[in-house]
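**Q** With the input below, show me the fold.
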Amino acid sequence: MGQVPKNTFVTHKSSKRTQRSKRTNPPAANSKCTPHWDSVDQWLLIGGGRVAHHLKHLFAAHSLSIRQWQRSTYPDEFTAAQKLVEECQQVQGVLIAVSDSALAAVISLIPEPLLKIHFSGCLSFPGCVGLHPLMSFGWTLQELEVYGKIALVCDTPNFSLRRYFPKLQNPEFYIEPDMKPFYHALCTIGVSGPLVLWSVVEALLKNVAGLSSTDIAPFKEKCLDLAKSGVVQNGTGPWFRGDLQTIEQHQIALTAGLKTRLVGQESLLDLGKEMGPVYGDLLTLLRQWLQVQGASLAPLQSFSPRGENDSSLVPYPEDSY
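**A** Reported below is the predicted structural model:
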């Protein structure tokens with residue numbers, strides 16, 4: 001294998017160490033002035049993952065042509081980098097749908113003055129538009145109507161994808177580049193938090209009560225409906241009734257963990273104990289959210305955990321919890 005140029009993107013350990021240093025000292029935020037790009041007649045799609053899969057489908061659905069480059073197509077990184085540079089000479093715009101760890105190196109190989117658009121929700125690069133679709137993508141393709149509702153969050157002022165794709169009428173929003181890590185952390189909590197939480201809750205319910213997935217399904221569907229409503233007042237259970245006695249029993253039980261009588265399920269014992277801190281953190285988050293909501297949640301705020309004139313629903317950890 002020939003020697004790989006320094007700017008060649010790589011995904012082995014050495015590149016990960018380099019990328020960590022880049023995150024420690026991130027590149028300067030995008031300029032306040034939007035760069036000028038002429039119209040783009042030919043696009044290059046970089047990547048072969050899920051986002052690239054959907055972008056290619058979207059282009060085809062709108063009868064738009066697009067070239068595609070994938071690292072996996074080539075036998076080594078040197079050849080792949082050479083082919084990428086050659087592909088860039090055939091286009092005016094580049095859509096970069098690769099992992100965050102590979103973005104900096106890939107962008108460094110793309111010559112000016114090509115229009116460069118990446119889709120990272122966390123990172124920003126000077127001279128490269130960051131356009132994050134607020135959506136979780138699997139491998140199943142969607143109808144055009146679904147794609148048209150996806151919000152696009154952009155880190156470059158005054159940039160609009162509609163200039164290049166008039167058929168796309170997605171809602172567009174601007175975000176300051178230095179706010180992207182916070183924004184993307186929220187996205188990650190929103191998409192991964194419920195999935196992880198429900199996976200663990202369902203596994204534990206099956207073991208402590210002998211329930212099956214079918215038995216749990218109606219309860220799960222109701223919980224997801226409540227989450228979709230986005231209305232805290234619709235919440236049910238001891239948290240929203242202000243039932244401190246039940247809350248305390250919950251926390252004692254979670255701290256103690258599962259009983260060892262679950263033969264063959266010993267691996268769940270530690271997992272059960274981990275739910276204790278999760279329970280407490282969610283209570284603290286709810287308390288703070290209620291304080292933000294203020295008088296709008298007055299019926300829930302009449303509860304006093306110690307018989308005092310305290311408007312909070314649940315006490316802080318130092319209040320014997």
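**Q** CA only for contacts and neighbour counts going forward, please
**A** Noted.
**Q** Name the SS class of Gly121, please.
**A** Under DSSP: H, G, I helix; E, B strand; the rest coil, Gly121 falls in the coil class.
**Q** So which residues of the chain form strands?
**A** 43-46, 67-69, 93-96, 115-118, 129-133, 152-154, 172-174 (DSSP state E).
**Q** by contact count, what packs against the second one?
**A** It stands for strand 67-69. The helices and strands touching strand 67-69, judged by 3 or more C-alpha pairs under 8 Å, 6 or more residues apart in numbering; DSSP states H and E, are strand 43-46.
**Q** what's the spacing between the strand it packs on and its chain's center?
**A** 23 Å (C-alpha atoms, centre = their mean, to the nearest Å).
**Q** Sheet partners, orientation included, of it?
**A** strand 67-69 (parallel), strand 93-96 (parallel) (DSSP bridges).
**Q** What average pLDDT does the first one get?
**A** When you say that, I think you mean strand 67-69. Mean pLDDT, computed over strand 67-69, is 97.
**Q** which residues touch it?
**A** Contact partners of strand 67-69, identified using C-alpha atoms under 8 Å, 6 or more residues apart in numbering, comprise 42-48, 84, 87.
**Q** quick one on the thing from earlier: okay, the strands of the chain in JSON lines with mean neighbour count and distance to Leu144 next?
**A** Compiled in JSON lines, those are given as follows (neighbours: other C-alpha atoms under 10 Å; distance: least, C-alpha to C-alpha, whole Å):
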{"stretch": "strand 43-46", "mean neighbour count": "22", "distance to Leu144": "19"}
{"stretch": "strand 67-69", "mean neighbour count": "17", "distance to Leu144": "21"}
{"stretch": "strand 93-96", "mean neighbour count": "23", "distance to Leu144": "19"}
{"stretch": "strand 115-118", "mean neighbour count": "22", "distance to Leu144": "21"}
{"stretch": "strand 129-133", "mean neighbour count": "24", "distance to Leu144": "15"}
{"stretch": "strand 152-154", "mean neighbour count": "23", "distance to Leu144": "15"}
{"stretch": "strand 172-174", "mean neighbour count": "16", "distance to Leu144": "17"}
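**Q** pLDDT score assigned to Thr18?
**A** 35.
**Q** Sorry, wrong one. I was asking about Phe125.
**A** 97.
**Q** That one pairs with what?
**A** Beta-bridge pairing of Phe125 under DSSP bridges involves Cys128.
**Q** and it, how many residues sit next to it?
**A** As a burial measure, Phe125 scores 21 neighbours (other C-alpha atoms under 10 Å).
**Q** How are the helices of the stretch 201-321 of the chain distributed by residue range?
**A** Using DSSP state H, counting those that start in this stretch, the helices assigned to the stretch 201-321 of the chain run over residues 213-229, 238-241, 244-256, 267-293.
**Q** returning to what we had before: pipe the strands of the chain into CSV and attach distance to Ala104 per row.
**A** Formatted as CSV, the strands of the chain follow (distance: least, C-alpha to C-alpha, whole Å):
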stretch, distance to Ala104
strand 43-46, 13
strand 67-69, 17
strand 93-96, 11
strand 115-118, 10
strand 129-133, 12
strand 152-154, 18
strand 172-174, 22
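**Q** got any ranges where the stretch 1-150 of the chain has weak pLDDT?
**A** 1-38 (pLDDT under 70).
**Q** next one: the stretch 201-321 of the chain
**A** Ranges of the stretch 201-321 of the chain meeting pLDDT under 70: 258-266, 295-321.
**Q** before we move on, the earlier item: ok, which of the strands of the chain comes nearest Ser212?
**A** Closest of those to Ser212 is strand 129-133, at 35.8 Å (criterion: C-alpha to C-alpha).
**Q** Show me what the closest one is packed up against.
**A** Partner elements for strand 129-133 (3+ C-alpha pairs under 8 Å, 6+ apart): strand 115-118, strand 152-154.
**Q** Among those, which comes closest to His250?
**A** Here strand 152-154 is closest among the helices and strands packed on strand 129-133 (C-alpha to C-alpha), at 40.2 Å.
**Q** quick one, which of the strands of the chain is nearest to Gly237?
**A** strand 129-133 (34.9 Å).
**Q** List the strands paired with that closest one, with their directions.
**A** strand 115-118 (parallel), strand 152-154 (antiparallel).
**Q** I'd like those as a markdown table, with distance to Lys180 appended.
**A** Listed next are the strands paired with strand 129-133 as a markdown table, based on distance: least, C-alpha to C-alpha, whole Å:
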| stretch | distance to Lys180 |
| --- | --- |
| strand 115-118 | 13 |
| strand 152-154 | 9 |
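**Q** can you give me the helices for the stretch 1-150 of the chain?
**A** Counting by DSSP H, counting those that start in this stretch, the helices of the stretch 1-150 of the chain are 13-24, 50-61, 77-88, 100-109, 144-148.
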